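Compute the structure for the input listed below.
(chains A and B)
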Amino acid sequence: MWGKRKLLVGGLSALALGTLLTGCPPKKEAPKPEAVGIDASSKVYVPPGQQDEFYVFFSGGFSGQVSVYGIPSGRILKVIKVFSQDPETGYGYSPETRPLLMTSHGFMPWDDTHHPELSQTDGVPDGRWLFINANNTPRIARIDLSTFETTEIIEIPNTGGNHASPFVTPNTEYVVSASRFSIPVPQRDVPVENFAENFKGVISFIKANDPGKMDVSFQILMPGFNYDLAHCGKGPSYGWCFFTSYNSEQAHTLLEINASKNDKDFIAAVNWKRAEECVAQGKYQEMPATYYHNVYDEKKHMATSNVRRSVKVINPKDCPGVVYLLPTPKSPHGVDVSPDGEYIVGGGKLATVIPIHSFSKMLKAIEQKAFEKEIDGIPVLKYDATLHCEAEKPCLGPLHTEFDDKGFAYTSCFVSSEVVKYDPKTCKVVDRAPTYYSIGHLLIPGGDSAKPWGKYLIAMNKITKDRQLPVGPELLQSAQLYDISGDKIQLLHEFFTVGEPHYAQALPASLIKDKVAKIYPLAENQHPYAVKAEKDARVERKGNEVHVYMTAIRSHFVPDVIEGVRVGDTVYFHVTNLEQDWDIPHGFAVKGSEEAEILIMPGQTKTLVWKPKAPGVYPFYCTDFCSALHQEMQGYIRVSPAGSNVPLRYYTGTPTAQK
Amino acid sequence: MNIVSRGLLALASLLLILTYFFPLWKIELLAPQYPEGLRMFIWVNKITGGTEFDLYNINLLNHYIGMKPIEPESVPELKILPFILGFLIAFGFVSALLGKRILLYAWVLSFVILAILGLADFYRWEYDYGHNLDPNAPIKIPGLSYQPPLIGTKQLLNIVASSFPDVGGYIAGGALLLGIVAIIFDIKLSKFGVEVKPA
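Modelled structure (predicted):
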């Protein structure tokens, strides 16, 4: 008793002492609704049955996928499968889709997606495709926005960490890529401490305007820095792309300290029109490199892989004028070009200013040769010669900038956890709004294009904490929606996102919603194992392979009884969904499947590979609740011992004699 | 008959030509999960769906109640109907040309008879589809048949089925009406002794 009381008294006095020493503790802020106006709910309320105004495409970060949301409601619409296997649909498991995930490192069932990028015409999102990068095993994927499916993936050679990607040129001539982690080029076994000597960065331009024909048109050999983000010029700056770099210190260990020493790193301004000239004049080296190009054919419902063996590499020494370095404070992250193409905003994540370069001043500086020095044959322009203005002490940790349609820029600030709004012409901050918490990228529909739809802004935050009901240590990331149509930034809404959305892109729903496919026409299905009528469904044996040409339609499979399979066989269930009705997928799963299940869209054919291990009778069934008699949509496959002579036999409805 | 009636009859026959280019009849099915509806159009010589796949989907749904699939190629009437209409058109033009009153009456009468026969035949098909069901159908509701209405709207399980004339049907109706108006004119004008000389 005594002991306990003593402890309590002691504790209380310590608390009192602590309070005396530190003054009053800060008042705990009330939960956050204070930031939301009374009319906010009406601005985000999309009544049941009505549709959102914008599509938003969030990168999935470590999920490797892309998620699609509707704005302003914040409702999730779809997760597009891109770089990660998806057992739900069989993506990356089925023989049709596995080739999409092939790389020079072998089959790659995952990746880390950062930046979705919509295709553009005249600098404006046109709703044809969405591109997205894979950071880890450098790749770029094309997503067809009529089906919202991945249709093409190209691997980027000579690159470590494809982060500054896949930003587009104004007519989708190219999507770009750059090394986040410089590596020996060509790759070889060297001591890591000989970094400066052996390691190179590479900037790549990938031809993108021709679906199914992506191609690494050329690469530019760069000093061994870390290349971080990019955006391409438009209007007057058409023909140029800008890439941020950090680690101009060329540190290879403890970058946190060692790459944060220089006051300024660089934005690399790449003249891709000049690069095209150099390629045309043969001023490049054809370098051996192994990389994959994978294409999914939406008529054959099947992907194929091609291996490429070389790439054109431009050394800036041999192609003067192809690239200039713009000193930029400090370890810049984002680089964003204003809708008019004139201002190039650097997000110096360790800087106390937001530096804004002027494109016209840059051209003048190049003309006047206002160079400070050269690095690896690349002229470094004088900071003052390209700088338009600096927004002084705007916030802490500025990262990324988007633009509205009224001439304002909005920069996300990770450390001070806010968005600042300013006029890039004057560098005057006019407003700011807190985010919850630690914003990374921000998004305004069309906000990195020549035509922003400046109604909404979305903050994508890295830290969620108390913003949602707790669900254990692992939380979804939070996103806040702001109304930016008025003078003040107004917080409207909050929702939670899949994976780790780094960047996102958005466009008005009206641009694409009427062009979106509802089914795959069965008549156009060219899958080699498709069956378009139940009478053609069959089972064929080829040695140890058993091919089931199966159909699915409400509410049965043909065949739904299969006999004559033996242990040691590999069974290929090629299932064609005969439906031609919107939103009637059928699933297919068989007991003991080590692959996945498959989800087959109307008119599509997909394959599930199954290797039975023991004799018995195994049920298979439809995994998508397709109809009132979905539970009846099932079948049996009989597996006999290896070497058994049970004949091959199959039927639906009436047992047939053996075939 | 007078020149007005002859003109009206010629116009009616002309109008009838249009029925080759528009559906005569429309059957529409609405259901909770088909807010966009499924549609079936009956033409002079074919049956089509509201979309490329509506007919396919109607047949798919119908198999649950054991209804026979609707197969346009197995409906013999669709092969005869273009000729029947052709006959009416030719008959109309010839009558207008010859100007005999009796021909006008005969034209209207044969039109009416053919229309009644056509509707009766349509009803017979509907009855057959709605009643002649596969006994092995998964959905069987004692006493319930699935005959769509001849004209009008009817709830069949989860589906609201409506059946109405479509553009071609209204044109045909208009043509018949013109024929009747032609008769009225002919009677009125002759009653008041107005002599309109044949052209």
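
from here on, contacts and neighbour counts on C-alpha atoms
Fine.

Tell me the spatial nearest neighbour of the closest residue to chain B within the stretch 301-450 of chain A, not counting adjacent residues.
Nearest to chain B, among the residues of the stretch 301-450 of chain A, is residue A:301, at 20.5 Å (C-alpha to the nearest C-alpha). Among residues not flanking residue A:301 along the chain, residue A:527 sits closest, at 5.9 Å (C-alpha to C-alpha, 6 or more residues apart in numbering or on different chains).

now the one you found, what's its secondary structure?
coil (DSSP: H, G, I helix; E, B strand; the rest coil).

Isn't it up against residue A:302?
Yes. Between residue A:527 and residue A:302 there is a contact at 7.0 Å, judged by C-alpha atoms under 8 Å.

which bits of the stretch 551-659 of chain A sit near chain B?
Applying C-alpha under 8 Å from any C-alpha of the partner chain, we find that the stretch 551-659 of chain A lies next to chain B at A:554, A:579-581.

low-scoring stretches of chain A, by residue?
Scanning chain A with the threshold set as pLDDT under 70 gives A:1-38, A:657-659.

now do 80
Applying pLDDT under 80 to chain A picks out residues A:1-38, A:656-659.

quick one on the thing from earlier: run a quick neighbour tally on the residue of the stretch 301-450 of chain A closest to chain B.
Applying other C-alpha atoms under 10 Å in any protein chain shown, we find 20 residues neighbouring residue A:301.

which strand is the longest one in chain B?
strand B:34-42 (DSSP state E).

buried stuff in it?
Of the residues in strand B:34-42, B:37-42 count as buried by neighbour count, 16 or more other C-alpha atoms under 10 Å in any protein chain shown.

Dump these to JSON lines, plus distance to chain A.
Listed next are the buried residues of strand B:34-42 as JSON lines, based on distance: C-alpha to the nearest C-alpha, whole Å:
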{"residue": "B:37", "distance to chain A": "12"}
{"residue": "B:38", "distance to chain A": "10"}
{"residue": "B:39", "distance to chain A": "13"}
{"residue": "B:40", "distance to chain A": "15"}
{"residue": "B:41", "distance to chain A": "18"}
{"residue": "B:42", "distance to chain A": "21"}
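
want to throw those residues into a markdown table with pLDDT?
Shown next, in a markdown table, are these (pLDDT from 0 to 100):
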| residue | pLDDT |
| --- | --- |
| B:37 | 95 |
| B:38 | 96 |
| B:39 | 97 |
| B:40 | 96 |
| B:41 | 97 |
| B:42 | 96 |
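
how about the strands of chain B, start to end?
B:25-31, B:34-42, B:47-49, B:152-156, B:159-165.

List the contacts of the nearest residue to residue B:82 once chain neighbours are set aside.
Spatial nearest neighbour of residue B:82, chain neighbours left out: residue B:44 (5.8 Å); criterion: C-alpha to C-alpha, 6+ apart. Counting by C-alpha atoms under 8 Å, 6 or more residues apart in numbering or on different chains, residue B:44 touches B:19-20, B:23-24, B:78, B:81-82.

so which of those residues is the most crowded?
residue B:23 (24 neighbours).

so that residue touches residue B:45, yeah?
No. In this structure, residue B:23 is not within contact of residue B:45 by C-alpha under 8 Å, at 9.4 Å.

residue ranges with poor pLDDT in chain B?
B:189-199.

how about the residues of it that lie near chain A?
B:53, B:56-57, B:60.

which helices and strands sit right next to the longest helix anywhere in chain B?
Across chain B, the longest stretch assigned as helix under DSSP state H is helix B:101-131. Applying 3 or more C-alpha pairs under 8 Å, 6 or more residues apart in numbering or on different chains; DSSP states H and E, one finds that helix B:101-131 contacts helix B:77-98, helix B:167-191.

Verify the contact between residue A:142 and residue A:134 for me.
No. Taking C-alpha under 8 Å as the definition, residue A:142 is not a contact partner of residue A:134, at 11.4 Å.

mind listing what the residue nearest to residue B:134 when sequence neighbours are not counted touches?
With sequence-adjacent residues excluded and distances taken as C-alpha to C-alpha, 6+ apart, residue B:134 is closest to residue B:66, at 4.4 Å. By C-alpha under 8 Å, 6+ apart, residue B:66 lies in contact with B:133-139.

ranking these by neighbours, who comes first?
residue B:133 leads the contacts of residue B:66 on contacts (other C-alpha under 10 Å) with 18 neighbours.

And it, how close does it get to chain A?
For residue B:133, the distance to chain A equals 18 Å [C-alpha to the nearest C-alpha, to the nearest Å].

Report the contact partners of that residue.
B:65-68.

For the residue of the stretch 151-300 of chain A at minimum distance from chain B, give me its contacts.
For the stretch 151-300 of chain A and chain B, the shortest gap (C-alpha to the nearest C-alpha) falls at residue A:299, measuring 18.2 Å. The contact partners of residue A:299, taken as C-alpha under 8 Å, 6+ apart, are A:524-527.
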